[in-house]
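K.L.:
below is the sequence, then the predicted model.
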Amino acid sequence: MTACSSGEDNSAATDTSNETEETTSETKEESVEDSTEEEKTEEAAEETAEEEEAEEEAAQAEPLYRVNPANSSVEPIADANPQAVLITIDDAPDKQGVAMAETLKELDVPAIFFVNGHFLDTDEEKENLKKIHDMGFAIGNHTYSHANLKTVSEEQQREEIIELSDLVEEIIGERPEFFRAPHGVNTDFSRAVVEEEGMVLMNWTFGYDWEKQYMDAAALADIMVNTEFMRDGANLLMHDRAWTAEALPAIVQGLDEKGYDFIDPATIEGIE
Ligand SMILES: [Zn+2]
């Protein structure tokens, strides 16, 4: 058995249809409260500092990796280290998102947090997204309401993608640079919207934390490190879940001991 090539086929470790995720009721809010003048001044100061950082980074920003569109593995360009994996956290920021970001930050491991609009309704939730972004993590678009894009109209597909990017931009000042469809289900139309938006599209190569026997930190850490699907360039799917948050340090340690590096999303081709 090989890891699925399309990301939509079924196999034990990559069965995207088994992704047990909460179906949160749609609570779209069109408007976000305007920030106060005081906040705007603070933001302006932060932006200046951020621009300076961005300029420094731009000087050395040659992409090192690219996502293989056929299987979502992350492959080195030129002489980047091939023995590396990408960590991604979906359905964020729910209850564990900030804690998971803090854990990864402490371990100095980069990651993408793929977020949904229904986790960004309240000021507290918006603040959580800001915290994750401020810790240096990439923010990805996982659609507004976690819709299966094959089951909604083209107009709704566009809204699911664009309205979330708009909301993320209102909160952190930049649009997501990565896109992952709920359940890994893309359509020709949604792919075109993602491309228009300039986002890098990916599914994943394996993940386990939605399967019953791996809703346990020790079992999850063991399979994430020792699975037969582990290979160079693996794109690891995890979720904003309590057992996954608990397993994260052991997963990172296990992969590190096996000699894997952790890919910085900022070095992936297609990111500006
Ligand atoms: Zn999801």
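P.N.:
Noted; the coordinates are in hand. From a predicted model like this one, the values you see are computed outputs, not experimental measurements.

K.L.:
near the ion, which residues of the stretch 51-200 of the chain are found?
P.N.:
Where the stretch 51-200 of the chain comes near the ion, counting by C-beta under 5 Å from the ion, the residues are 90-91, 182. Placement of C-beta: from N, CA and C, glycine included.

K.L.:
what's the closest non-adjacent residue to the closest residue to the ion within the stretch 101-250 of the chain?
P.N.:
The ion sits closest to residue 182 of the stretch 101-250 of the chain, with a gap of 4.8 Å, by C-beta to the ion. Closest residue in space to residue 182, ignoring its immediate chain neighbours: residue 146 at 4.6 Å, by C-beta to C-beta, 6 or more residues apart in numbering.

K.L.:
what does residue 177 give?
P.N.:
For residue 177, ignoring the flanking residues on the chain, the nearest one in space by C-beta to C-beta, 6+ apart is residue 271 at 5.0 Å.

K.L.:
what residues sit buried inside stretch 130-149?
P.N.:
132-133, 137-147, 149 (16 or more other C-beta atoms under 10 Å).

K.L.:
can you flag which of the residues you listed belong to helices?
P.N.:
Counting by DSSP state H, the buried residues of stretch 130-149 place 132-133 in helices.

K.L.:
need the buried residues of stretch 130-149 in TSV (columns: pLDDT).
P.N.:
As requested, these are arranged in TSV below (pLDDT from 0 to 100):
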residue	pLDDT
132	98
133	98
137	98
138	98
139	98
140	98
141	98
142	98
143	98
144	98
145	98
146	97
147	96
149	98
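
K.L.:
now the helix or strand hosting residue 156: how far from the chain's centre is it?
P.N.:
Secondary-structure assignment from DSSP states H and E places residue 156 in helix 154-172. Centroid separation between helix 154-172 and its chain, computed with C-alpha atoms, centre = their mean, to the nearest Å, is 15 Å.

K.L.:
quick one: residues in contact with it.
P.N.:
The contact list for helix 154-172, computed with C-beta atoms under 8 Å, 6 or more residues apart in numbering, reads 28, 32, 115-117, 120, 126, 129-130, 133, 139, 141-145, 147, 149, 152, 174-176, 179, 187, 189-190, 193-194, 197, 199.

K.L.:
just the residues of the stretch 51-200 of the chain next to the ion now: which is nearest residue 81?
P.N.:
Lowest distance from residue 81 to these (C-beta to C-beta) belongs to residue 90, with 25.2 Å.

K.L.:
which SS class is that closest one?
P.N.:
Secondary structure state of residue 90, per DSSP: H, G, I helix; E, B strand; the rest coil, is strand.

K.L.:
if I pick it, what's in contact with it?
P.N.:
Each residue near residue 90 by C-beta under 8 Å, 6+ apart is listed here: 114, 142, 180, 237-240.

K.L.:
tell me the phi and psi of residue 70?
P.N.:
Main-chain dihedrals, residue 70, degrees, to the nearest 10: phi -80, psi -30.
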